[in-house]
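1. Predicted coordinates and the sequence they were generated for:
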Amino acid sequence: MLFVGSIKAGSVNCLSGFRGGRRVEALIKPIWSCHYRRSSMTTMSMNKRGHELLKEPSANKGTAFTEGERASKGLDGLLPPRVVSQETQIQRHIEYIRHFDNMLDKYVYLMGILGRNEKLFFQIVMNNLMELMPVIYTPTVGEACQKFGKVFGGARGMWLSIKQHKGKIMETLKNWPEDDVRVIVVSDGERILGLGDLGAWGMGIPIGKLLLYNACGGVDPKYCLPVVLDNGCNTPALRNDPQYFGEDIDRVRGKEYDEFVDEFIQAVQARWSPQTLIQFEDFANSNAARLLDEYMFKCCCFNDDIQGTASVALAGIFGALRIPGVENDLSKHRFLFYGAGSAGIGIADLIAEELVTNMGMDLTTAKKICWFVDSKGLIYNGRHALTKEKEKYAHEKDFEVPADASLFDVVKIIKPTAIVGVSTIPQSFTEEIIKYLTENVERPIVFALSNPTSKAECTAEQAYKFSNGKAVFSSGSPFDPVTLDDGQYFVPGQGNNAYVFPGVGLGISVGGCKHVTNAMFLESAKTLASLCTEEHLKVGSVYPPISEVQDISAHIAVATCKQAEKEGLATRPVPSFEEVRKVFYHPTY
Ligand SMILES: NC(=O)C1=CN([C@@H]2O[C@H](COP(=O)(O)OP(=O)(O)OC[C@H]3O[C@@H](n4cnc5c(N)ncnc54)[C@H](OP(=O)(O)O)[C@@H]3O)[C@@H](O)[C@H]2O)C=CC1
Ligand SMILES: CC(=O)C(=O)O
Ligand SMILES: [Mg+2]
């Protein structure tokens, strides 16, 4: 740890200075040192005894409490006599989890452990990351959200209702027991994965994202807070469900909604810190980019669906460019996005930023390599129903597009080298589309990024089969490896922002950064791409394996800090990879 005891800790206010006195700060503060107030909750948990202690998930060890602990903490007789190791506990639970055929049952079982014994939960997940990430995250988290009221196992996170809490959010946030909150993932539940408006049941997503902060990004769960802003729900079937626990009102829009969000952001900054990171997640398109524009430089925030997704997709593209047969000059590609929402526009914006920043292109030309199809068809200059975001990619066209053109028709007109699915429309990358792409490009890029699996534009098997193994594929939700009849073997990469947001969030926190910028996501994309080796590319994966996500997150954290320093946004020195790795959350007892 970067700690020198002889200098009086606390003599420099970590929040106050960046530039002046930074080296001194580095000497007296370990990275991740508490620049906030001391956590009262943590102290309270440590002091618990007996039955109370067994009911405290952050401190409970169950049958692993040692004889000494049992004697000193009033646990004698409250546990069966034999002391077992955490390893034995893990073995027992993982064997049990493997007996469930159903992924949702696995989710519910695991969440039960989380509610009883946090460290055990995380150790189980971290030891079995490849197997359990699809349980705690996509695709299962989608189904968990759809049934959240039925599988909800207890209090986790905060539910802020526009009806009950508007005007008193600060007062409400005081009910959260931790005085040191560093990362908040917030959703209003209106666009939960590709599953639509799930209202307050969308809470599964902030919870799931933060579990990845802990398991993949090394952030201690005590610093994390999942939040749902409940401003109503426009899914009648959900509201009519007796188990639905959100507000039974139509979504509030306009000024009242904006005031609600604004009050939340200001309250977070006042209750915790201006550097508390706020990650916007799964807001509908009508609010996502708007809120990001509004708050990017008013607080420490980012929108994961826009920026995190852009970063992971660009990293995958960088990987693809290294595959023999794929055009290796980014500027010579022609991208066709199916879906022109938060994710699609975010990815195109970052591609354009790369072309401008690092390849010397002008922005107008850079944008021209990206074409979009939304629910109304191809986007072009003069088309009706264009938002401000879509207008950026509404190019002049010198061809006719029939009003009822299918995606295949558009593919034949645009002749893309890469298609990116962010549409929520399953099976839309059909056999004829993939075959056509393969006939026109040696190795087409086919990214089916919509989540969960049921919404993927095509499966990995379809992409490889229809292209005779030529497609360079990745998907938002995981697919198993594929072996084609002729023996070609592929390990599809998972193009999911989970590769990026835990590392960026960790970097922001470790660096004490004031704001989050697009350049940080560009650097993250490069960092992630640099970790994808020839060995991964050979089997078709444009990403390193998710099993390496902790190291990946630490590398991304360092890259984020470096970029923050460059932009004058860091308040602490850039840590090394080893320093970041050292402060990772370790859920061993
Ligand atoms: N892999 C990853 O890491 C990530 C994946 N995603 C996934 O991407 C998908 C989209 O997310 P996001 O962009 O945030 O969602 P948005 O709601 O912002 O955008 C969805 C887009 O799809 C378009 N669309 C909807 N129906 C059709 C249709 N029938 N034909 C053509 N286009 C259609 C919409 O058109 P219109 O504009 O006309 O309404 C809109 O442009 C989701 O499934 C989400 O889970 C999102 C973030 C990260
Ligand atoms: C992965 C993600 O953020 C999404 O599908 O919304
Ligand atoms: Mg999302």
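-> Yes, it's here. Ligands and ions are numbered 1, 2, ... in the order given.
2. contacts, neighbours, all on C-alpha from now
-> Will do.
3. Residue 254: neighbour count?
-> 8 (other CA atoms under 10 Å).
4. ok, so what distance separates it from residue 96?
-> For residue 254, the distance to residue 96 equals 48 Å [CA to CA, to the nearest Å].
5. got it, and residue 55?
-> From residue 55 to residue 96 the distance is 22 Å (CA to CA).
6. residues touching the one residue in the stretch 351-500 of the chain that gets nearest to ligand 2, list them.
-> Relative to ligand 2, the nearest point of the stretch 351-500 of the chain is residue 451 (4.8 Å; CA to the nearest ligand atom). Contact partners of residue 451, counting by CA atoms under 8 Å, 6 or more residues apart in numbering, are 138, 139, 193, 194, 424, 476, 477.
7. That one: what secondary structure?
-> coil (DSSP: H, G, I helix; E, B strand; the rest coil).
8. repeat for residue 189
-> Per three-state DSSP, residue 189 ends up coil.
9. Could you give the number of residues near it?
-> For residue 189, using other CA under 10 Å, the count is 29.
10. So which of the contacts of residue 451 is surrounded by the most neighbours?
-> residue 476 (28 neighbours).
11. Spatially nearest residue to it, not counting backbone neighbours?
-> Leaving aside its sequence neighbours, residue 476 sits nearest to residue 449 (CA to CA, 6 or more residues apart in numbering; 4.1 Å).
12. Am I right that residue 474 is in a strand?
-> Yes: assessed with three-state DSSP, residue 474 lies in a strand.
13. and the one helix or strand residue 366 maps to, which residues are buried?
-> Using DSSP states H and E, residue 366 sits within helix 363-367. Within helix 363-367, the residues scored as buried using 16 or more other CA atoms under 10 Å are 366, 367.
14. Kindly report the same for stretch 278-293.
-> Quick answer for stretch 278-293 (16+ other CA under 10 Å): 278-285, 287-289, 291-292.
15. And stretch 91-106, by the same measure?
-> 93, 94, 97, 103, 104, 105, 106.
16. Out of these, which sit inside helices?
-> 93, 94, 97, 103, 104, 105, 106 (DSSP state H).
17. how much space between the fifth one and ligand 2?
-> Spelled out, that is residue 104. Note on residue 104: its distance to ligand 2, by CA to the nearest ligand atom, to the nearest Å, is 18 Å.
18. ok, that residue touching residue 137?
-> No: the pair residue 104 / residue 137 is not scored as a contact, 10.9 Å apart, by CA atoms under 8 Å.
19. coming back round to it: check what pLDDT the residue of the stretch 351-500 of the chain closest to ligand 2 gets.
-> What the model reports as pLDDT for residue 451 is 98.
20. And it, its phi and psi?
-> phi -120, psi 160 (degrees, to the nearest 10).
21. can you pull the pLDDT of whichever residue of the stretch 351-500 of the chain sits closest to ligand 3?
-> Closest to ligand 3 within the stretch 351-500 of the chain is residue 497: 8.0 Å, counting by CA to the ion. Note on residue 497: pLDDT of 98.
22. and if you look at residue 153?
-> Taking residue 153 on its own, its pLDDT is 75.
23. What helix or strand is the closest residue to it other than its chain neighbours located in?
-> In space, and not counting its chain neighbours, residue 153 is closest to residue 112: 6.8 Å by CA to CA, 6+ apart. Residue 112 belongs to helix 103-116 when assigned by DSSP H and E.
24. chain center to that helix, what's the gap?
-> In terms of CA atoms, centre = their mean, to the nearest Å, the centre of helix 103-116 is found 20 Å from the chain centre.
25. Following element in sequence after it, please.
-> Next along the chain after helix 103-116, taking DSSP H and E as the criterion, comes helix 118-127.
26. Pull the contacting residues for residue 489.
-> Residue 489 neighbours (CA under 8 Å, 6+ apart): 481, 482, 483, 539.
27. Okay, and which of the residues you listed map to strands?
-> Using DSSP state E, 482, 483 are the members of these that sit in strands.
28. how about the spatially closest residue to residue 267 that is not a sequence neighbour, what does it touch?
-> Excluding its sequence neighbours, the residue lying closest to residue 267 (CA to CA, 6+ apart) is residue 170, at 4.9 Å. By CA under 8 Å, 6+ apart, the residues touching residue 170 are 264, 267, 268, 270, 271.
29. Now, of those, which are buried?
-> The buried subset of the contacts of residue 170 - by 16+ other CA under 10 Å - is 264, 267, 268, 271.
30. Who are the contact partners of the residue nearest to residue 174 when sequence neighbours are not counted?
-> Nearest residue to residue 174, sequence neighbours excluded (CA to CA, 6+ apart): residue 271, at 7.1 Å. Each residue near residue 271 by CA under 8 Å, 6+ apart is listed here: 170, 173, 174, 179.
31. Repeat that for residue 292.
-> Contacts of residue 292 (CA under 8 Å, 6+ apart): 301, 302, 303.
32. mind saving the C-alpha coords of the helix or strand encompassing it as PDB?
-> Using DSSP H and E, residue 292 falls within helix 285-295. Only the C-alpha atoms of helix 285-295 are listed here, as PDB (Å, rounded to 0.1, in the frame of the first residue of the first chain):
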ATOM      1  CA  ASN A 285     -33.800   6.500 -25.700                       C
ATOM      2  CA  SER A 286     -35.800   9.600 -25.200                       C
ATOM      3  CA  ASN A 287     -34.000  10.300 -21.900                       C
ATOM      4  CA  ALA A 288     -30.600   8.600 -22.200                       C
ATOM      5  CA  ALA A 289     -28.600  10.900 -24.400                       C
ATOM      6  CA  ARG A 290     -30.500  14.000 -23.100                       C
ATOM      7  CA  LEU A 291     -29.500  13.300 -19.500                       C
ATOM      8  CA  LEU A 292     -26.000  12.500 -20.400                       C
ATOM      9  CA  ASP A 293     -25.600  15.800 -22.300                       C
ATOM     10  CA  GLU A 294     -27.100  17.600 -19.300                       C
ATOM     11  CA  TYR A 295     -25.000  16.000 -16.600                       C
END
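33. how many neighbours does residue 416 have?
-> Applying other CA under 10 Å, I find that residue 416 has 22 neighbouring residues.
34. again, but for residue 320
-> Counted with other CA under 10 Å, residue 320 comes out at 28.
35. I'd assumed it was in a helix, is it?
-> Yes: per three-state DSSP, residue 320 lies within a helix segment.
36. which ones are touching the nearest residue to it once chain neighbours are set aside?
-> In this structure, residue 320 finds its nearest non-sequential neighbour in residue 542, 5.9 Å apart by CA to CA, 6+ apart. Neighbouring residues of residue 542 by CA under 8 Å, 6+ apart: 315, 316, 317, 319, 320, 472, 474, 492, 493, 529, 532, 536.
37. Which element, helix or strand, includes residue 542?
-> Residue 542 belongs to no helix or strand when assigned by DSSP H and E.
38. Quick check: it vs residue 529, distance?
-> Taking CA to CA, one finds residue 542 at 8 Å from residue 529.
39. Quick check: neighbours shared by the two?
-> 315, 316, 319.
40. now those in CSV, with pLDDT and neighbour count?
-> CSV is the format used below for the shared contacts of residue 542 and residue 529 (pLDDT from 0 to 100; neighbours: other CA atoms under 10 Å):
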residue, pLDDT, neighbour count
315, 99, 29
316, 99, 29
319, 98, 27
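41. Format these as a markdown table; extra columns: distance to ligand 3.
-> As requested, these are exported to a markdown table (distance: CA to the ion, whole Å):
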| residue | distance to ligand 3 |
| --- | --- |
| 315 | 18 |
| 316 | 18 |
| 319 | 23 |
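42. which stretches of the stretch 1-150 of the chain have low pLDDT?
-> 1-44 (pLDDT under 70).
43. Near ligand 2, which residues of this protein are found?
-> Counting by CA under 6 Å from any ligand atom, the residues of the chain close to ligand 2 are 193, 282, 305, 451, 496, 497.
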